[in-house]
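**Q** Starting from these lines, generate the structure:
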Amino acid sequence: MAIHIEEAVEVEHALNGAAGAQTPEGVLRLDDLLTELRSYLPEDEAAVVRRAYNMAAVAHDGQFRRSGEPFVQHPLAVALELAKLRLDCATVAAGLLHDVPEDTALTLGEIEARFGKEITLLVDGVTKLTRIAWETLEEEQAENLRKMFLAMAQDIRVVLVKLCDRLHNIRTLEPFSIERRRRIAQETLEIYAPLAHRLGIWELKWRLEDGAFYYLDYERYQELKRLLAMRRETRERYVHHALALLSDELAAMNLVAKVSGRPKHLYSIHRKMLRKNVPFEEVYDLLAVRVLVDSEADCYATLGTVHRLWTPIPGEFDDYIARAKPNMYRSLHTAVIGPAGQPLEVQIRTHEMHQVAEYGIAAHWRYKEGRQHINEEFDVKLAWFRQLMAWQEEVGAEDFVEALKTDIFQDQVFVFTPRGDIKEMPAGAIPLDFAYRIHTDLGHRYAGARVNSRLVALEYQLQNGDIVEILTGRPDRGPSRDWLNVVGTAHARSKIRQWFKRQQREENAARGRELVAKELQRLGLPELSSIEPEALAAAASELRVASVETLFAVVGYGGLSPHQVVSKFGLQVPEVETPQILGTPSSPPTAGVTVSGVGDLFTRIARCCNPVPGDSIVGFITRGRGLTVHRHNCPNVQSTAERERLIDVEWGATHQQVYPITLRVESGDRPGLARDVTTIVAEDKINIVDLRVTTESGAATFFVTVEVTDVNQLVRLIQRIERIKDVSHVARDTSVTAAASNGEPVGAQ
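**A** Okay, here's the model as predicted:
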């Protein structure tokens, strides 16, 4: 029996480790890639990759990375990683060309002319959305991720290119600022490494994790590396001894096996120490053995041999053969008290299982009669991905990324329906999350749940193996706002929010239509019914609203002003010769307005409604104090009996002044919520004048007064705060601003 020792005790971080077949000078060459390709591809397909390299080399000629090396080294390194996964020539060629449309003068059209549609679609799927002016870095990252996943839905190879691209990037971060290194490392740990895990590509997962770990917690990284190195020689002797004992025992049972030491990776050790709250010395898999056999029957026979040879540790056995992980991983795991009383972890799997464990979904890309062939189980294994694609159609880009982190990429539990169907849920999910996972209406009608035939509380967290039965109420039953504070998945939270928005949608849409119609009439423009549908649709698109009906609904609940909408119709406002009244020492300079038919009046902003540029406004001529500018829908304006003192006004030059606005933010109470709100405001470079918080029965209400330049900035801020976890409602608060005016009625001003 052959015994293969593979004791990888310590892992050099991603800057130095696993760099591929490099020359001693550290420079990759085309021959390095071609040598790898020729081990599994025919020469004519290797020639396609050679042509792709030539195009990339010419396109990137004269370009250099921050490290000073020629830029083409990056796509060459990405292609080499793809070749190590033994992927087809189209994927490897896409790895070479993935930065060409983004960073050079060559276009996707020119790539398609040279290499065809298949390679071009892969390249386009990986290319960032660089030609859009994003308002925030977070929005840009979120949309780029969504684009990648949409492309991945068309062709899974897109994400394989992206993972290898990220792997080389995480290995070459040194020239960047500390802030950028940490941001890229955090995104790698939150998105890309979990994605590699869900796709079962262990080889990429651990390298991404260790590379990110190095930048996010350098001191801890070095400490674990030092602890591993201190006892390396002792561990190697111990593992050699354990391997020899196990090999002899398996040989006596006539079991043909390949026995080796299992590599250890720093981030996985770090995670295990945190998860189990144990010191370094008590992590079982520091000493680990892997056994590869020919069949499933041999796996279980080997397990019996291991347990006869050494005493198993209670609670440390997992059968991932009978119940495979969603990422296709299959293996037996056990921990035993090995030689000299030392804990020892043993993994047992077949050679085929090992290929899938190391390369995951990439192991399913093989050639069959000259065509790519994917295992028939492929589609079943990606059920979680199809679910993700369904969600992305319903939520914004940043909500989509939050769903990735909370619903898809965190630890999972497996529960059963009463009929025995298995469902995968994020750890921490409750039966209500399960109901929404089955069907939205089932979630809306939720009245309770039985778990393992027993009624459970709303907050009960699902455990592996639970059998969950959902109890429902009347068909017209709807969700409770309190549910937003207890559900554990972004999917359920999104569905609950959508329900409440939909209930008010028709009322808001009708009010929005009325407000837009009045604004058109006020400006002397054509009636709303005469506006072309194309103009309405264009306005909705420009204001980043999904449809015309949604546009009116947003106006109805105050998310956009009627003036903002009308200004997007492309209509010419009739010119009126009117003087412009700017601020004076006795009136705030923020009150720059154009007044119809009246000149030389002092103007000031009404404190009861605090209008900002972009709002529909009206002026009220006060006795002795000039003109007070109110929002058109200000309650004080609506209730005044002195209608003759109201006058048409418009915003004039405001000179980038700021206006105080109070927002009311309703949310479930949780630690860090105030920090999240203030961080969003700070990121938009908006000043906070006042912040007050009240909490009651697990709910929190924020009254945050900010200074904004116009209504567009205000709307962006509201939309960003709405996307904060647990926030259920954000709106301008009239009660606070009315109080600020000391209850002063319009007629008294």
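
**Q** And Pro635, how far from Cys609?
**A** Pro635 sits 8 Å away from Cys609, going by C-beta to C-beta, to the nearest Å. Any C-beta I mention is one placed from the backbone N, CA and C, and that applies to glycine too.

**Q** quick one: which of the two has more around it?
**A** For the pair Pro635 and Cys609, the greater number of neighbours falls to Cys609 (23 against 14), based on other C-beta atoms under 10 Å.

**Q** The more buried one in helix, strand or coil?
**A** The assignment at Cys609 comes out as coil when based on DSSP: H, G, I helix; E, B strand; the rest coil.

**Q** How about Thr701?
**A** Following three-state DSSP, Thr701 is assigned to strand.

**Q** Would you enumerate the residues in contact with Lys568?
**A** Contacts for Lys568 (C-beta atoms under 8 Å, 6 or more residues apart in numbering) come out as Ala538, Ala539, Glu542, Leu543.

**Q** Repeat that for Pro101.
**A** Applying C-beta under 8 Å, 6+ apart, the residues contacting Pro101 are Thr107, Leu108, Ile111, Val123, Asp124, Thr127.

**Q** between the contacts of Lys568, which has the most around it?
**A** Tallying neighbours with other C-beta under 10 Å puts Ala539 at the head of the contacts of Lys568, with 22 neighbours.

**Q** one step back: tell me which of the contacts of Lys568 fall in helices.
**A** Ala538, Ala539, Glu542 (DSSP state H).

**Q** What is the nearest of the residues you listed to Arg231?
**A** Lowest distance from Arg231 to the ones in helices among the contacts of Lys568 (C-beta to C-beta) belongs to Glu542, with 64.1 Å.

**Q** which residue packs closest to the closest one, ignoring adjacent ones?
**A** Spatial nearest neighbour of Glu542, excluding adjacent residues (C-beta to C-beta, 6 or more residues apart in numbering): Lys568 at 5.2 Å.

**Q** Pretty sure the one you found sits in a helix.
**A** No - under three-state DSSP, Lys568 sits outside any helix and is assigned coil.

**Q** Model confidence score at it, please.
**A** We have a pLDDT of 83 for Lys568.

**Q** Would you list the phi and psi of it?
**A** Backbone dihedrals for Lys568, given as degrees, to the nearest 10, come out at phi -90, psi 0.

**Q** that older thread, out of the contacts of Lys568, which is nearest to Asp298?
**A** Nearest to Asp298 among the contacts of Lys568, counting by C-beta to C-beta, is Leu543 at 63.8 Å.

**Q** picking up where we left off before, make a markdown table out of the ones in helices among the contacts of Lys568 and add distance to Gly524 and pLDDT.
**A** Output for the ones in helices among the contacts of Lys568, formatted as a markdown table (distance: C-beta to C-beta, whole Å; pLDDT from 0 to 100):
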| residue | distance to Gly524 | pLDDT |
| --- | --- | --- |
| Ala538 | 22 | 87 |
| Ala539 | 19 | 87 |
| Glu542 | 23 | 82 |
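
**Q** of those residues, closest to Tyr300?
**A** The nearest member of these to Tyr300, counting by C-beta to C-beta, is Glu542 at 63.5 Å.

**Q** pull the CA atoms of stretch 172-191 into PDB?
**A** Output in PDB follows, covering the C-alpha atoms of stretch 172-191 (Å, rounded to 0.1, in the frame of the first residue of the first chain):
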ATOM      1  CA  THR A 172      -1.000  41.500  -5.300                       C
ATOM      2  CA  LEU A 173      -2.600  44.100  -3.000                       C
ATOM      3  CA  GLU A 174       0.600  45.300  -1.400                       C
ATOM      4  CA  PRO A 175       1.000  48.500  -3.500                       C
ATOM      5  CA  PHE A 176      -2.500  49.700  -2.600                       C
ATOM      6  CA  SER A 177      -3.500  51.900   0.400                       C
ATOM      7  CA  ILE A 178      -4.400  50.100   3.700                       C
ATOM      8  CA  GLU A 179      -8.000  51.200   3.300                       C
ATOM      9  CA  ARG A 180      -8.300  49.700  -0.200                       C
ATOM     10  CA  ARG A 181      -6.600  46.500   0.900                       C
ATOM     11  CA  ARG A 182      -9.000  46.000   3.700                       C
ATOM     12  CA  ARG A 183     -12.000  46.800   1.500                       C
ATOM     13  CA  ILE A 184     -11.000  44.300  -1.100                       C
ATOM     14  CA  ALA A 185     -10.100  41.700   1.500                       C
ATOM     15  CA  GLN A 186     -13.500  42.200   3.300                       C
ATOM     16  CA  GLU A 187     -15.400  41.800   0.100                       C
ATOM     17  CA  THR A 188     -13.300  38.700  -0.700                       C
ATOM     18  CA  LEU A 189     -14.200  37.100   2.600                       C
ATOM     19  CA  GLU A 190     -17.900  38.100   2.500                       C
ATOM     20  CA  ILE A 191     -18.600  37.300  -1.200                       C
END
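
**Q** buried stuff in that stretch?
**A** Buried residues in stretch 172-191, counted by 16 or more other C-beta atoms under 10 Å: Thr172, Leu173, Phe176, Arg181, Ile184, Ala185, Glu187, Thr188, Leu189, Glu190, Ile191.

**Q** Which of those fall in helices?
**A** Arg181, Ile184, Ala185, Glu187.

**Q** Now render these as CSV, adding pLDDT and distance to Glu469.
**A** Shown next, in CSV, are those (pLDDT from 0 to 100; distance: C-beta to C-beta, whole Å):
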residue, pLDDT, distance to Glu469
Arg181, 90, 49
Ile184, 89, 45
Ala185, 91, 43
Glu187, 83, 39
